[in-house]
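K.L.:
Just a sequence and a predicted model for now, questions to come.
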Amino acid sequence: MIMLDLKFNRTINKPIEEVWRYVFDDFTNAHKWATGTPSCRKGEPHEDFDRVCDTETGKLTDTLIKVDHENYMFEFSVEGLPFFVRSVVSTWKLSKISDVQTEIVLGPRIEVTPGIGTIAQIPMKIIFKKLYPGLLDDLAIYIETGQPSPRKQKELNKNT
C-alpha cells in the first residue's frame, strides 16, 4: 500500500466559531471561495454523498465520514479522482490560537495503486504542494473579508 500523507496549515484572522461556520456549516458552498471549483452542491437524499463539486479536473463527490463539533474537526472521503488513486480521506482541523485567530490544518491522505500510482505519486505531491496553500489562501481571504480572493475573482470574471 502506497500512502501519501500530507499536511497544510494556515492562520485565519477570525474566531474559531466563525471559521467553523464557513468550512463546515457551509461545506457545500466551496465554489464561492475555492479557485478551480466553478460549482458545488449538496448531495440529494437518493445520492450516496454529501457534496458534489465540478472542478478543473472533473467532478468530485465528497462524503462526510467523521464530524467532531467539539474539537472542530471533520473528515470526508473524495471520489472521482484518476483510476490509480485508490482512496482519499481529507481531514480538516481547526485550533484556536486566540479569540480572533484560528489555525486550520488540512491533511489529505491519499492511497495510490502499486505500479502507475507509485510513479504518479511524485507529480501528485508536487501538484498538491502547489494546490493546497493556494486553496488555504482563498479560504482565509474569503473568511476574513467576505469576498473571493483576487485569484478566485479573476476566475469568476473570466467565466462571466
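P.N.:
Done, it's in.
K.L.:
Determine the three-state secondary structure at the closest residue to residue 89 other than its chain neighbours.
P.N.:
What sits nearest to residue 89 in space, not counting adjacent residues and going by CB to CB, 6 or more residues apart in numbering, is residue 109, at 4.9 Å. Bear in mind the C-beta positions are built from the backbone N, C-alpha and C, glycine included. Following DSSP: H, G, I helix; E, B strand; the rest coil, residue 109 is assigned to strand.
K.L.:
which non-adjacent residue is nearest the most far-flung residue of the chain relative to its centre?
P.N.:
Most distant residue from the mean C-alpha position of the chain: residue 115, 26.8 Å away (CA atoms, centre = their mean). In space, and not counting its chain neighbours, residue 115 is closest to residue 84: 7.6 Å by CB to CB, 6+ apart.
K.L.:
distance of the residue nearest to residue 89 from residue 134?
P.N.:
Per CB to CB, to the nearest Å, residue 109 is found 20 Å from residue 134.
K.L.:
Tell me where the chain is predicted with low confidence.
P.N.:
Judged by pLDDT under 70, the chain has its weakly predicted residues at 160.
K.L.:
Apply 80 and report the result again.
P.N.:
The chain contains residues with pLDDT under 80 at 1, 117, 159-160.
K.L.:
Count the residues that sit near residue 21.
P.N.:
Neighbour count for residue 21, taken as other CB atoms under 10 Å: 13.
K.L.:
contacting residues for it?
P.N.:
Going by CB atoms under 8 Å, 6 or more residues apart in numbering, residue 21 touches no other residue.
K.L.:
list the buried ones in the helix ranked longest in the chain?
P.N.:
The longest helix of the chain (DSSP state H) is helix 116-145. Residues of helix 116-145 classed as buried by neighbour count (16 or more other CB atoms under 10 Å): 117, 120-121, 124, 128, 131-132, 134-143.
K.L.:
do stretch 34-50 as well
P.N.:
34, 35, 36, 37, 40, 43, 49, 50.
K.L.:
What residues does the last one make contact with?
P.N.:
Think residue 50. 27, 28, 42, 43, 62, 63, 64, 76.
K.L.:
how close does it get to residue 145?
P.N.:
Residue 50 sits 27 Å away from residue 145, going by CB to CB.
K.L.:
The first one too?
P.N.:
Distance of residue 34 to residue 145, given as CB to CB: 15 Å.
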